[in-house]
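Chemist: sequence and predicted structure below; questions after.
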Protein chains: 2
Amino acid sequence: MEHEKLLHLLAAELARQPRASMEKLATAVGVSRATLSRKFATRDEMLNALAAQAVLEYALALERSRIEEDTAEEAIRRIVGNMLPSAELYRVLESPDCHDFPALDAWHPYKQKLLEMHYLWQERGELRVDLPAVWLYESIFILLRGAAAMVRNGQLARADAVNAVCTLLFAGIRRQS
Amino acid sequence: MEHEKLLHLLAAELARQPRASMEKLATAVGVSRATLSRKFATRDEMLNALAAQAVLEYALALERSRIEEDTAEEAIRRIVGNMLPSAELYRVLESPDCHDFPALDAWHPYKQKLLEMHYLWQERGELRVDLPAVWLYESIFILLRGAAAMVRNGQLARADAVNAVCTLLFAGIRRQS
DNA sequence: GTCGTATGATACAACTTTGTATCATTTGAC
DNA sequence: GTCAAATGATACAAAGTTGTATCATACGAC
């Protein structure tokens, strides 16, 4: 199986069953334990590979989203759209199991860049300043992960997920009068 | 240690380290493994006790929130305020490890009631109808759990958490012009 | 102080998980 | 068809986890 595809399947299964053994994970993604062990000698190595892939996709999605262009809303809509496919992977970035993985060092500059963009959007008067920027930043990913989980469970259509997140972010749940 | 306090500490530690062994959990919450084993003979029994406590607090918070009174916004603000202290516990309700625990049977009616309230709020024109009610419902808990995690990590002040969630829910992240 | 209860320490067997190795089979390129 | 690479099946020892039991100590009520 292709390496990237394998990582996505593993991330999805880990989101479902964080306590699954390597054997259960292997079966769930459709390979034997032997093969999984060949790709990742240890569980930590696997998690690190997931973190590395997460950083890669985070960075790529950020670049593609051209966050310096247009309004905050348009930029964030692009971010949500570009990051939704990797939402399951991002869980690894936040997981306390992985907080000292080498792959995470490469992530912090990108996270910092997006966080600082939030400060800028606040200064520009585009994002509200009565909530901490870190909450605005995190709420995007909180909703992204939540929406991805609902898509996985069949509670939300994949095609609706980006709109569900963005509408909530920019208009809230209340019907506009 | 008091039973209820123990459950909350366990829920918090499980949120941090879902893969922690009973021994690690016991140490983290400040008891010996022997004591933890006496309270919960097996891990499943512990998870079921957590689920039962979660259902209890969910039901109590729902009742206290008097969701039939006032506007959707006021009712949901009360829900968020009343449920935030149990947010770590609610993770057990959604966890796929626990989907067939007996304690969850008691939960579904309460969840259903709150979900149906969302339909009513939509019909009344208080909540938007261009997003599925289940997304409106889940987004409350997604944000609650996210805010609780940030409080735990020291990224968000506990006193600000309810307002952060409710402001996002009802006004979004964009500065109002 | 005495008693019962709760706790911690330790031990142990059964079981699971992990990392590693070996061999047979399958797959795909040529 | 042939070959090399990838995969699956199986085995095994080391380590970790779990459920249980036992004993000694700490604590609180009285």
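Modeler: Thanks, I have the structure now. Numbering: from 1, shown residues only, chains lettered A, B, ... in the order given.

Chemist: is DNA strand C contacted by the helix ranked longest in chain A?
Modeler: Ordering each helix of chain A by length in residues (DSSP state H) puts helix A:43-64 first. Yes - Helix A:43-64 is in contact with DNA strand C by CB under 7 Å from any atom of the strand, via A:43-44. Backbone N, C-alpha and C define where each C-beta goes, glycine included.

Chemist: that helix: which residues count as buried?
Modeler: Neighbour counts over helix A:43-64 (16 or more other CB atoms under 10 Å in any protein chain shown) mark A:46-59, A:61-62 as buried.

Chemist: what's the answer for stretch A:69-80, then?
Modeler: Neighbour counts over stretch A:69-80 (16+ other CB under 10 Å) mark A:72-73, A:75-80 as buried.

Chemist: which helix or strand contains residue A:129?
Modeler: Residue A:129 is part of no helix or strand when elements are defined by DSSP states H and E.

Chemist: I figured it hits residue A:121, correct?
Modeler: No - contact criterion CB atoms under 8 Å: residue A:129 and residue A:121 do not qualify, at 9.8 Å.

Chemist: with neighbour numbers in mind, choose between these two.
Modeler: Between residue A:129 and residue A:121, counted using other CB atoms under 10 Å in any protein chain shown, the more crowded position is residue A:121 (24 against 13).

Chemist: quick check: mean pLDDT of the helix or strand hosting the more buried one?
Modeler: Using DSSP H and E, residue A:121 sits in helix A:107-123. Across helix A:107-123, pLDDT averages out at 96.

Chemist: distance from the chain centre to the longest helix of chain A, please.
Modeler: Centroid displacement of helix A:43-64 relative to its chain, using CA atoms, centre = their mean, to the nearest Å, is 9 Å.

Chemist: please enumerate the helices of chain A.
Modeler: Under DSSP H, chain A gives helices at A:3-16, A:22-29, A:33-39, A:43-64, A:72-83, A:87-94, A:107-123, A:133-152, A:158-171.

Chemist: distance to residue B:109 added to these, as TSV?
Modeler: Output for these, formatted as TSV (distance: least, CB to CB, whole Å):
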stretch	distance to residue B:109
helix A:3-16	26
helix A:22-29	32
helix A:33-39	41
helix A:43-64	38
helix A:72-83	34
helix A:87-94	31
helix A:107-123	40
helix A:133-152	21
helix A:158-171	26
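
Chemist: do I have it right that residue A:51 meets residue A:106?
Modeler: No - using CB under 8 Å, residue A:51 makes no contact with residue A:106, being 9.1 Å away.

Chemist: and stretch A:61-76, how far from the chain's centre?
Modeler: On CA atoms, centre = their mean, the centre of stretch A:61-76 falls 16 Å from the chain's centre.

Chemist: sorry, slip of the keys, the one I care about is stretch A:135-153.
Modeler: The answer for stretch A:135-153 is 8 Å, by CA atoms, centre = their mean.

Chemist: gap between the closest residue to residue A:125 other than its chain neighbours and DNA strand D?
Modeler: Spatial nearest neighbour of residue A:125, excluding adjacent residues (CB to CB, 6 or more residues apart in numbering or on different chains): residue B:175 at 5.7 Å. Counting by CB to the nearest atom of the strand, to the nearest Å, the gap from residue B:175 to DNA strand D is 48 Å.

Chemist: distance check, residue B:175 against residue A:72.
Modeler: 9 Å (CB to CB, to the nearest Å).

Chemist: any common contacting residues for those two?
Modeler: Contact criterion CB atoms under 8 Å, 6 or more residues apart in numbering or on different chains; residues shared by residue B:175 and residue A:72: A:126-127.

Chemist: ok, residue A:31 - contacts?
Modeler: Shown in contact with residue A:31 (CB under 8 Å, 6+ apart): A:1, A:6.

Chemist: pretty sure residue A:91 is touching residue A:145, no?
Modeler: Yes - counting by CB under 8 Å, residue A:145 is a contact partner of residue A:91 at 6.2 Å.

Chemist: the residue lying closest to residue A:81 once chain neighbours are set aside: neighbour count?
Modeler: Leaving aside its sequence neighbours, residue A:81 sits nearest to residue A:162 (CB to CB, 6+ apart; 5.0 Å). By the measure other CB under 10 Å, the count of residues near residue A:162 is 18.

Chemist: my guess is residue A:162 contacts residue A:85. True?
Modeler: No - the criterion here is CB under 8 Å, and residue A:162 misses it with residue A:85 at 10.2 Å.

Chemist: what's the burial count for residue A:1?
Modeler: The burial count assigned to residue A:1 is 11, neighbours taken as other CB under 10 Å.

Chemist: just the pLDDT for it.
Modeler: Here, the pLDDT recorded for residue A:1 equals 80.
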